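Engineer: I need the structure of the sequence given here:
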Amino acid sequence: MAGLMIYLTGPGRANEHEEPHLVAGDSALMAWHDDNELNRDAALDIANALDRAKQFYKTDVDGGHVFHCSLSLAAEEGQLTDEQWGAIANDFMKDMDFTEDGGKAPARWVAVRHGLSKNGNDHIHIVASMVRDDGTKWNSWKSKYKSQQVARALEKKYGLIKLDAVRAERGYTPAEQAKAARQGLPEVERHSLARKVRTCATASTDEAEFVRRARQEGLLVRPRYAAGRTDVVTGYSVAERPRKGERAVWFGGNSLGRDLALPKLRSDWESTPESATAAVAEWNAAARNRRPVAPGRETLQPSAELWSKYATDISALREKLATTPHNDHAAWAQAARETAAAFGAWSKRIEPTPGPLADAARELSKSAQLRRYPKQPAAALPSARGATMILLAATSKSERAAYALMFRQLAQTARAIHDMHKATDDLRRVRGLAAAVTAASRTVETSATTQTIKAQPVTMEALREQHPGASEEALRARLIAERSRGGSPIPTALTRAEKTLQQAGPAGPQEPHMDHHPKPGIER
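Structural biologist: Predicted structure coming up:
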């Protein structure tokens, strides 16, 4: 108890704590400390007061007697007053049965406010003893579930943004955040891995192709086998290639995203005895750091005609979403997952480092992760998976019209998902998607303009008009100089013609690069 109170009233891990003080608590502690700024001595006095019932009755509580939780707002919600936080804290503790309102002896508690978090979130910390003033224990059974239900009710009562009860994104640890800051990365490793895995999974038609695509994207991949078996894969882990002198940090699929667990991925792929055998062979090759067993369509270059076909598929998906009920969560999650994957593939295509397109992919992925997936499949929707495949494989030679059409359809699909959240009053998702897709649109427009602007060829006729008094010899010399400007004295490298993918199908073998795994690292 004392250590927790000292931390809450201290400077914090990043000196983010400012003017720590109480906003609520039991009457005796509030009468003594009120809203005065707290220091170490005050923190110890509060801790001793909270601990008094436990020490007097010598009541033991399995797992410890300290109850600690934080109530936090999203950064975009701004800040509440001390009075508002005090009212929320009192209601929370009353509904959690810490006060005498339930007919039991009260337990001692305080609510501490010490400024915004590092991410700008206004919040309070509630600290309580789980031993009541008569020596009995507070009932902690299902307290986490109950606290979530109480928080949802308080959000409604006080007009706050409601946390989504249907969807939830996986969080990350302070250590991951610190590593990203130390290495100067724009995002934590968990988010970059999730985007790559989601993109590879969506672009694939079966499990074996997924394993090959993940390795092709530079990820370290390893399977999790059933106990005592090497022919039954029950899960997987992936990792980024570590920097020199560091160890790989592995993440299980389910820890990256609720939609990335292997059983969930398998529900979207073709499943036959032959495909299962091929998948095990690719998992075993990845585990042993061997070349892919049977390279497939991930090695082929899509034809230009497929751009129009897959843009039409996305248009059909968007039209179907217009008649899909907002409470068909599985259908909307599928649409969000496929659209997020397409934005992730586009980010890889044109962003040297994760930027607005990667941000849009992450915002969409939040709509793809359900807390609970229904046992029955979602209503049949047209698939947008082909867009991810063609964006992963495409070169920069794509025509501007096809490029623009594809993005326009993707942006409109993202807009449909945005409108669904707006209709269900999910303001947090609405704001996130609106900002992310707008920024992504600017990025794609700039990229398309850059890739399609070409200098007009210089001709003798144009030079004669520009320099009417110059001789033919001088004009020819200028023509040679103009045509060589920006060129290279090194001849163009000769390459064989690329294979073309017309439709999904078998492909001949190809020698991919060898993966090199470092020593096994840390599992998360």
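
Engineer: mind checking the longest helix of this protein?
Structural biologist: For the chain, the helix with the greatest residue count under DSSP state H is helix 427-452.

Engineer: gap between that one and the chain center?
Structural biologist: Distance of helix 427-452 from the chain centroid (Cα atoms, centre = their mean, to the nearest Å) equals 17 Å.

Engineer: next one: stretch 343-355
Structural biologist: The chain centroid and the centroid of stretch 343-355 are separated by 14 Å, computed with Cα atoms, centre = their mean.

Engineer: Only the C-alpha atoms, please, for it, written as PDB.
Structural biologist: Output of stretch 343-355 as PDB, limited to C-alpha atoms (Å, rounded to 0.1, in the frame of the first residue of the first chain):
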ATOM      1  CA  PHE A 343      -4.300  -0.300 -46.800                       C
ATOM      2  CA  GLY A 344      -1.400  -2.200 -45.200                       C
ATOM      3  CA  ALA A 345      -0.300  -3.500 -48.500                       C
ATOM      4  CA  TRP A 346      -0.500   0.000 -50.000                       C
ATOM      5  CA  SER A 347       1.600   1.300 -47.100                       C
ATOM      6  CA  LYS A 348       4.300  -1.200 -47.900                       C
ATOM      7  CA  ARG A 349       4.100  -0.200 -51.600                       C
ATOM      8  CA  ILE A 350       4.700   3.500 -51.300                       C
ATOM      9  CA  GLU A 351       5.700   4.400 -47.700                       C
ATOM     10  CA  PRO A 352       9.400   4.100 -46.900                       C
ATOM     11  CA  THR A 353       8.400   4.200 -43.200                       C
ATOM     12  CA  PRO A 354       4.900   3.600 -41.700                       C
ATOM     13  CA  GLY A 355       2.900   6.700 -42.300                       C
END
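
Engineer: residues of it that come out buried?
Structural biologist: Along stretch 343-355, the positions that meet the burial threshold by neighbour count (16 or more other Cβ atoms under 10 Å) are Phe343, Gly344, Ala345, Trp346, Ser347, Lys348, Arg349, Ile350, Glu351, Pro354. Where C-beta positions appear, they are placed from N, C-alpha and C, glycine not excepted.

Engineer: Which element, helix or strand, includes the fourth one?
Structural biologist: Under the criterion of DSSP states H and E, Trp346 resides in helix 329-350.

Engineer: What's the mean pLDDT across the helix or strand hosting Met30?
Structural biologist: When secondary structure is defined using DSSP H and E, the element that contains Met30 is helix 27-33. Averaging the model's pLDDT scores along helix 27-33 yields 91.

Engineer: in whichever helix or strand comes after it, what's buried?
Structural biologist: The element immediately downstream of helix 27-33 (helix or strand, assigned by DSSP H and E) is helix 40-57. Along helix 40-57, these residues count as buried under the neighbour rule (16+ other Cβ under 10 Å): Ala42, Ala43, Ile46, Ala47, Ala49, Leu50, Asp51, Ala53, Lys54.

Engineer: I'd say the last one and Ala128 touch.
Structural biologist: Meaning Lys54. No. Under the criterion of Cβ atoms under 8 Å, Lys54 makes no contact with Ala128, lying 11.4 Å away.

Engineer: related to what we said a few turns ago, now the longest helix of the chain against helix 329-350, angle please.
Structural biologist: With axes from the mean of the first three to the mean of the last three Cα atoms, to 10 degrees defining the directions, helix 427-452 sits at 30 degrees from helix 329-350.

Engineer: And Thr324, its phi and psi?
Structural biologist: Its backbone dihedrals place Thr324 at phi -90, psi 130, with angles given as degrees, to the nearest 10.

Engineer: ok, now how distant is it from Val430?
Structural biologist: Taken as Cβ to Cβ, to the nearest Å, the spacing of Thr324 relative to Val430 amounts to 18 Å.

Engineer: try Leu300
Structural biologist: Looking at Leu300 against Val430, where the rule is Cβ to Cβ, the gap reads 39 Å.

Engineer: Show residues contacting the helix or strand harbouring Lys179.
Structural biologist: Assessed by DSSP H and E, Lys179 sits inside helix 174-182. When contacts are defined by Cβ atoms under 8 Å, 6 or more residues apart in numbering, helix 174-182 is touched by residues Arg13, Leu185, Pro186, Glu187, Val188, Glu189, Arg190.

Engineer: quick one: Gly86 and Val23 touch, right?
Structural biologist: Yes. With the criterion set as Cβ under 8 Å, Gly86 and Val23 qualify as a contacting pair; they are 4.5 Å apart.

Engineer: And these two? Which one has more around it.
Structural biologist: For Gly86 versus Val23, neighbours defined as other Cβ atoms under 10 Å are more numerous around Val23 (23 against 20).
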